[in-house]
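Asker: Fold the following.
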Amino acid sequence: MTQNNSYIPRLKQLYKTKIVPEMMKKMKYTNPHQVPKLEKIVINMSVNEAKENIKSLDNAMEELAVITGQKPMICRAKKSISNFKLKKGMPIGLKVTLRGNRMYEFLEKLIFAALPKMRDFKGLNPNSFDGRGNYNLGITEQYIFPEVNVEKSERTRGMNITFVTSAKTDKEAKQLLTLLGLPIREQ
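Answerer: Presented below is the predicted three-dimensional model:
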């Protein structure tokens, strides 16, 4: 199986040609390797109804695979909780970690196709940074992604998207994500 190595996603190209020099100038870095970069994007989806109906897990898995272009990993309960009717080892969620070209392709799809479809969208919350240069984004429905077929989907599922950067501060991370095109609103 041969792979075409000449393909570079548009946002990755933008990062190398425009964002690195601009960040070096704004943040007064002396070396291009000091410029923070997007390391990975982690997408988590809870599938609570998998306790009663295991087929819903398969449907959610299929949808997440179509959205991300990568097969999700099943997350299982670490311990039993009787109040939630949960037994140790039951599947309760899905997780995908994107790196490299897939990460930039997903980010481009999120910025230019999915976020504009959100209802009453006025920009992303600037307070969702974790203090270490990572950003968390909660999405309430998977229907904003163009690949999801509304007729085939059985129910609305939310997801948490975490952007993990090599930035040491939230200010650097916000600068990087804003230059990449993430619409983070001003405080």
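Asker: rest of the way, CA atoms for contacts and neighbours
Answerer: Noted.
Asker: Tell me the predicted confidence for the spatially most central residue of the chain.
Answerer: Compute the mean C-alpha point of the chain, and by CA atoms, centre = their mean the closest residue is residue 161, 3.6 Å away. Turning to residue 161, the model gives it a pLDDT of 92.
Asker: List the beta-bridge partners for it.
Answerer: residue 43, residue 137 (DSSP bridges).
Asker: these two touch, right, it and residue 137?
Answerer: Yes - using CA atoms under 8 Å, residue 161 makes contact with residue 137 at a distance of 5.0 Å.
Asker: for the residue of the chain most remote from its centre, phi and psi?
Answerer: Largest separation from the mean C-alpha position in the chain: residue 82, at 31.6 Å (CA atoms, centre = their mean). Here is the backbone geometry of residue 82 (degrees, to the nearest 10): phi -70, psi -30.
Asker: Look up how far residue 136 lies from it.
Answerer: 30 Å (CA to CA, to the nearest Å).
Asker: Likewise for residue 147?
Answerer: 22 Å.
Asker: For the two, indicate the residue with more neighbours.
Answerer: More crowded of residue 147 and residue 136, by other CA atoms under 10 Å: residue 136, with 18 against 14.
Asker: On the pLDDT front, check that one for me.
Answerer: Each residue has a pLDDT score; the one for residue 136 is 92.
Asker: got it, and residue 183?
Answerer: Per-residue confidence (pLDDT) for residue 183: 87.
Asker: That one contacts residue 124, correct?
Answerer: Yes - the pair residue 183 / residue 124 is scored as a contact, 5.9 Å apart, by CA under 8 Å.
Asker: now the end-to-end length of stretch 68-81.
Answerer: 31 Å.
Asker: Check the offset of that stretch from the chain's centre.
Answerer: 16 Å (CA atoms, centre = their mean, to the nearest Å).
Asker: and if you look at stretch 29-36?
Answerer: The answer for stretch 29-36 is 25 Å, by CA atoms, centre = their mean.
Asker: how far does that stretch stretch from start to finish?
Answerer: Stretch 29-36 has its terminal residues 10 Å apart, counting by CA to CA.
Asker: picking that back up, what separates the residue farthest from the centre of the chain from residue 52, distance-wise?
Answerer: Counting by CA to CA - residue 82 and residue 52 are separated by 15 Å.
Asker: Kindly report the same for residue 124.
Answerer: For residue 124, the distance to residue 52 - CA to CA - is 34 Å.
Asker: out of the two, which sits in the busier spot?
Answerer: residue 124 (16 against 9).
Asker: mind listing what that one touches?
Answerer: Listed by CA atoms under 8 Å, 6 or more residues apart in numbering, the contact set of residue 124 reads 137, 182-185.
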